[in-house]
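# Generate coordinates for the sequence data below:
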Amino acid sequence: MAQCVQSVQELIPDSFVPCVAALCSDEAERLTRLNHLSFAELLKPFSRLTSEVHMRDPNNQLHVIKNLKIAVSNIVTQPPQPGAIRKLLNDVVSGSQPAEGLVANVITAGDYDLNISATTPWFESYRETFLQSMPASDHEFLNHYLACMLVASSSEAEPVEQFSKLSQEQHRIQHNSDYSYPKWFIPNTLKYYVLLHDVSAGNEQRAESIYEEMKQKYGTQGCYLLKINSRTSNRASDEQIPDPWSQYLQKNSIQNQESYEDGPCTMTSNKNSDNNLLSLDGLDNEVKGGLPNNFRAHPLQLDQSSDPSNSIDGPDHVRSASSLHETKKGNIGIIHGACLTLTDHDRIRQFIQEFTFRGLLPHIEKTIRQLNDQLISRKGLSRSLFSATKKWFSGSKVPEKSINELKNTSGLLYPPEAPELQIRKMADLCFLVQHYDLAYSCYHTAKKDFLNDQAMLYAAGALEMAAVSAFLQPGAPRPYPAHYMDTAIQTYRDICKNMVLAERCVLLSAELLKSQSKYSEAAALLIRLTSEDSDLRSALLLEQAAHCFINMKSPMVRKYAFHMILAGHRFSKAGQKKHALRCYCQAMQVYKGKGWSLAEDHINFTIGRQSYTLRQLDNAVSAFRHILINESKQSAAQQGAFLREYLYVYKNVSQLSPDGPLPQLPLPYINSSATRVFFGHDRRPADGEKQAATHVSLDQEYDSESSQQWRELEEQVVSVVNKGVIPSNFHPTQYCLNSYSDNSRFPLAVVEEPITVEVAFRNPLKVPLLLTDLSLLWKFHPKDFSEKDNEEVKQLVTSEPEMIGTEVISEFLINGEESKVARLKLFPHHIGELHILGVVYNLGTIQGSMTVDGIGALPGCHTGKYSLSMSVRGKQDLEIQGPRLNNTKEEKTSVKYGPDRRLDPIITEEMPLLEVFHFFKILWT
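This next block holds a predicted model:
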């Protein structure tokens, strides 16, 4: 797995914390909303204690609790909907992306140097949200409410009476059979009375008087006076205000999508409809019997009208991601805690400490003692007698049944007062306060009871937490019982059919295994839980499995790449396009250039598709280009599909900047070194009985012996003309330049005489390519060579037909895997310097036609009659490398190449043209 910000010793205590409910009056809620916060949200940044806490266990031993954190939330009476949770998780992953400019870790494994992201914050956000959004269940008590804060304002007419009403309401919710949610830890829930006082607007003497009355009624350890809003709203706009709430509220922004105002929020509610407008943590302001109805809908309840299926595994992932972006964008301008000073922050922090020290922990300590006493009195004696009797008569230990031998009794329910559940309650309480020794002992005992009763859901829960407790035990811990976790996962998944609990097991166990450097076991565990029911979960687990493979002592690079591909595929199915693209790009580092051509084609094709979807058009064009320029081993049909994708994407890119420069096209291949240039009109090698006195023609192959003979003949002619002396500046005439000719000098071309350039094309694909409007790309410097002074170079001309005429080939077909030459002509009309840069053309495919294995012409295709399916315009440069220099010592000891100027002719004035023909007449005898 990837590195995490938190260690496993920090992750688990932060994931399982004591839960406290909050029930507020309307006036108290109004005071907190002046800060754009609910009461529960007001406490979030201060919910972790800054000092150690001490309590005594049932054996009267002192136990130290470090970094204790509590979770305060408003009461809601509807459990979260699975579809809403999936939507929330999807949005959390969408909103967490790699930071731009983040430096990746470079891992060297064999021949591979991989740039890999060291952390995966999207997975950590998913895990945190998943663990926090798990609904309370009956087989465990870890997220049941231990206490309830009853909050009223000092500005109310009768605060004490309001407290009584709030207390009655809490009692009704907990003990009335009409409410099955939320879950409460024990019947006698701790009630803590909080008097909220607005310092800037309230009467402090009255608040103190009411608080004294509360202490008389509820005791000094059962109530608290919390003073807030010391800063007026007018001053708040002028001063810099710290906002510690943003980092917490951003995670819950999906739940709280309403806009807050500086005062009570106005909301609508319809009792006959589930489409309630939710506010802070799902609160509404409907008043029933003078009490706030703060618990009608859960914050993770979906709007039925907008999402009747409650499912996120459909095609609307992009919409959910965009809604997350809009929600975050809307919350950027909100300032939280605008009416609070730093003194108020300290008061809230002090309130949390007082509540924990004087209220919550004594209540937990008392509850643990009571549960321990109950277990001793109810079950301890009989259990010990039964165990002793069984041991006496059996003489040996009775082996436990395997998970496959047990019956499916996952539907078994214990009554609330069952001794087995009391053991589980005690174990959970000890776990929440980090007493892992006692927790393990209780879980282990409960596990045996549940297995004996074949209550498999309960047994799996006890096994899961027993394994975690054993790992977290201080001092010399027990060996981590991984088989407990394996049994729990198998039970949750196969017997109880509860993938949510199985996933929690896997997330916890994988972290425990990773902390012990058991990456192979962690990877196998993560892969086991991938399934078709959730693409997002499978994608995240596969990605973490890939990181396990690469973090091993001997990194398994190919397994890393393979599972990153699988993760990218599942991310794509889940609608997480950015994460899918990132996974494929990570895997591409392994497959690139290693001869895995089919895999490389698949990855490049997917990268191109994902990049196009994300409007990263340049990346899409680059990915599709790589598919086409490599020697593909794909079938003709697949190559045709790749080519059509490239043309389609490229067409969209070109439409964004229609006036931009022409880009380079990848097809067909051009053999630049085989380019031939012919100056002048086409020669007539033979005309009846007349034979042209030349060997130069584009239709003839180069013959070194013939060329040498003509060169010697020309030298003899020049020598005769110059009285037997060959001038030092003499150069043989060259009408046809190729790779064998001397191209170190600028060739001469004559005005009004054509320049023919023969370009060698090769189609590497098995499908035909059709080039339309094919012509040469050039630039021209008009010059007057008759001037002896410094020549003035006129403006560069690239598209003036008055200067250079250009021949255009309307259609040029290259069949599959065919090599073919095209002869393109230029007609100079002005003297100057001409530079032939390349070719420009429209690249397209033929609709409904294909060669068989690239052999032979297309049936029924004739010039001017091709049916073009799609085409794009672009260019290819003609870049010819000159001969390697090997004359001087420096050139011999280094690699240097001379110039090749066959494409850079100098256009001169018109001059006479002489053609010589030999006349041969055969005499018959």
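
# need the helices for the stretch 151-300 of the chain, in chain order.
159-175, 204-218, 233-236, 246-249 (DSSP state H, counting those that start in this stretch).

# Of those helices, which shows the lowest average pLDDT?
Ranked by mean pLDDT, the helices of the stretch 151-300 of the chain bottom out at helix 233-236, with a mean of 50.

# Show me how the record splits the protein into domains.
1-79+143-232+337-380, 415-656, 665-699+731-785+801-847+866-924 (the TED database).

# for these, which one sits closest to Ile107?
Among the domains of the chain, domain 415-656 comes nearest to Ile107, with 6.3 Å by CB to CB. In short, each C-beta sits where N, CA and C put it, glycine included.

# so how far is that closest one from its chain's centroid?
14 Å (CA atoms, centre = their mean, to the nearest Å).

# could you give me the average pLDDT of it?
90.

# which ones are touching the residue positioned nearest the centre of the chain?
The centroid of the chain falls nearest to His579 when counting by CA atoms, centre = their mean (1.8 Å). For His579, the contact set (CB atoms under 8 Å, 6 or more residues apart in numbering) comprises 93, 97, 122, 539, 568, 571.

# and it, what element?
His579 belongs to helix 577-591 when elements are defined using DSSP states H and E.

# Quick check: next helix or strand after that helix?
That would be, after helix 577-591 and using DSSP H and E, helix 597-613.

# Go through that next one and flag the buried ones.
599-612 (16 or more other CB atoms under 10 Å).

# and it, what other elements does it pack with?
Under the contact criterion of 3 or more CB pairs under 8 Å, 6 or more residues apart in numbering; DSSP states H and E, helix 597-613 touches helix 557-573, helix 577-591, helix 617-629, helix 636-656.

# which helices and strands does the first one pack with?
In this case it means helix 557-573. Contacts defined by 3+ CB pairs under 8 Å, 6+ apart place helix 557-573 against helix 535-550, helix 577-591, helix 597-613.

# before we move on, the earlier item: export the helices and strands packed on helix 597-613 to CSV and append columns for distance to His63.
CSV is the format used below for these (distance: least, CB to CB, whole Å):
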stretch, distance to His63
helix 557-573, 42
helix 577-591, 43
helix 617-629, 57
helix 636-656, 64
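
# right, so of the ones you listed, which gets closest to Asp742?
helix 617-629 (32.5 Å).

# What helices and strands are in contact with the closest one?
Using 3+ CB pairs under 8 Å, 6+ apart: helix 617-629 touches helix 597-613, helix 636-656.

# quick revisit: output the domains of the chain as TSV; include the columns distance to Gln716.
Shown next, in TSV, are the domains of the chain (distance: least, CB to CB, whole Å):
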stretch	distance to Gln716
domain 1-79+143-232+337-380	80
domain 415-656	50
domain 665-699+731-785+801-847+866-924	12
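
# Figure out which of the ones you listed is closest to Pro242.
domain 1-79+143-232+337-380 (7.2 Å).

# for Ala502, helix, strand, or coil?
helix (DSSP: H, G, I helix; E, B strand; the rest coil).

# quick one, what contacts the residue nearest to it when sequence neighbours are not counted?
Among residues not flanking Ala502 along the chain, Tyr492 sits closest, at 3.8 Å (CB to CB, 6 or more residues apart in numbering). The contact partners of Tyr492, by CB under 8 Å, 6+ apart, come to 457, 460, 498-499, 501-502, 505.

# count of residues packed around the closest residue to Phe761 other than its chain neighbours?
Spatial nearest neighbour of Phe761, chain neighbours left out: Pro668 (4.5 Å); criterion: CB to CB, 6+ apart. Other residues near Pro668 number 23, with proximity taken as other CB atoms under 10 Å.

# Equivalent analysis for Met149, please.
25.

# bridging residues for it?
Taking DSSP bridges as the rule, Met149 bridges to Ala22, Tyr192.

# Verify the stated contact: it with Val72.
Yes: Met149 lies in contact with Val72 (CB atoms under 8 Å); the separation is 6.9 Å.

# which residues are common contacts for those two?
20-22, 39.

# And the buried ones among the residues you listed, selectable in PyMOL?
Buried subset of those, written as a PyMOL selection, criterion 16+ other CB under 10 Å:
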select buried, resi 20+21+22+39
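
# need the shared contacts of Met149 and Val72 in TSV with pLDDT, can you?
Output for the shared contacts of Met149 and Val72, formatted as TSV (pLDDT from 0 to 100):
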residue	pLDDT
Val20	95
Ala21	95
Ala22	95
Phe39	93
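
# pLDDT weak spots in the stretch 1-150 of the chain?
1-5, 100-105, 110 (pLDDT under 70).

# Show me the helices in it, by range?
So, for the stretch 1-150 of the chain - with DSSP H, counting those that start in this stretch - the helices run 8-15, 26-33, 39-43, 82-95, 121-132.

# Need the winner for burial among those.
The highest mean neighbour count among the helices of the stretch 1-150 of the chain, using mean count of other CB atoms under 10 Å, belongs to helix 39-43: a mean of 25.

# what sits up against that one?
With CB under 8 Å, 6+ apart, helix 39-43 has contacts from 22, 24, 28-29, 32, 35, 72-74, 149, 151, 196, 228, 245, 248-249, 280-281, 337, 348, 351-352.

# CA-only coordinates of it in CSV, if you can.
What follows is helix 39-43, C-alpha atoms only, in CSV (Å, rounded to 0.1, in the frame of the first residue of the first chain):
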residue,chain,number,x,y,z
PHE,A,39,-23.5,23.3,17.5
ALA,A,40,-21.9,19.9,16.5
GLU,A,41,-19.8,21.6,13.9
LEU,A,42,-18.8,24.3,16.3
LEU,A,43,-17.1,21.6,18.5
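
# Can you tell me how far the closest residue to Met426 other than its chain neighbours is from Met55?
Excluding the flanking residues, the one nearest Met426 by CB to CB, 6+ apart is Leu371, at 4.2 Å. According to CB to CB, to the nearest Å, Leu371 and Met55 sit 14 Å apart.

# and if you look at Ala84?
Distance of Ala84 to Met55, computed by CB to CB: 37 Å.

# low-scoring pLDDT stretches of the stretch 751-900 of the chain, where are they?
In the stretch 751-900 of the chain, residues with pLDDT under 70: 784-800, 847-869.

# For it, which segments are assigned as helices?
889-893.

# ok, which stretches of it are strands?
Shown for the stretch 751-900 of the chain, the strands assigned by DSSP state E, counting those that start in this stretch span residues 755-762, 769-782, 804-806, 809-814, 819-828, 832-846, 868-877.

# Let me have the ones you listed in TSV, adding mean neighbour count as columns.
Output for the strands of the stretch 751-900 of the chain, formatted as TSV (neighbours: other CB atoms under 10 Å):
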stretch	mean neighbour count
strand 755-762	20
strand 769-782	19
strand 804-806	17
strand 809-814	18
strand 819-828	17
strand 832-846	21
strand 868-877	17
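
# With distance to Ala510 added, can I get these in JSON lines?
Converted to JSON lines, the strands of the stretch 751-900 of the chain look like this (distance: least, CB to CB, whole Å):
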{"stretch": "strand 755-762", "distance to Ala510": "52"}
{"stretch": "strand 769-782", "distance to Ala510": "51"}
{"stretch": "strand 804-806", "distance to Ala510": "66"}
{"stretch": "strand 809-814", "distance to Ala510": "54"}
{"stretch": "strand 819-828", "distance to Ala510": "56"}
{"stretch": "strand 832-846", "distance to Ala510": "49"}
{"stretch": "strand 868-877", "distance to Ala510": "48"}
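
# closest to Glu420 out of those?
Across these, Glu420 has its closest neighbour in strand 868-877 (70.4 Å, CB to CB).

# Which other helices and strands does that closest one contact?
Checking 3+ CB pairs under 8 Å, 6+ apart, strand 868-877 ends up next to helix 636-656, strand 769-782, strand 832-846.

# Quick check: neighbours of the helix or strand just after the first one in the sheet, parallel or antiparallel?
To tie it back to what came earlier, the one meant is helix 636-656. Per DSSP H and E, helix 636-656 leads on to strand 669-670 as the next helix or strand towards the C-terminus. According to DSSP bridges, strand 669-670 forms sheet pairs with strand 755-762 (antiparallel).
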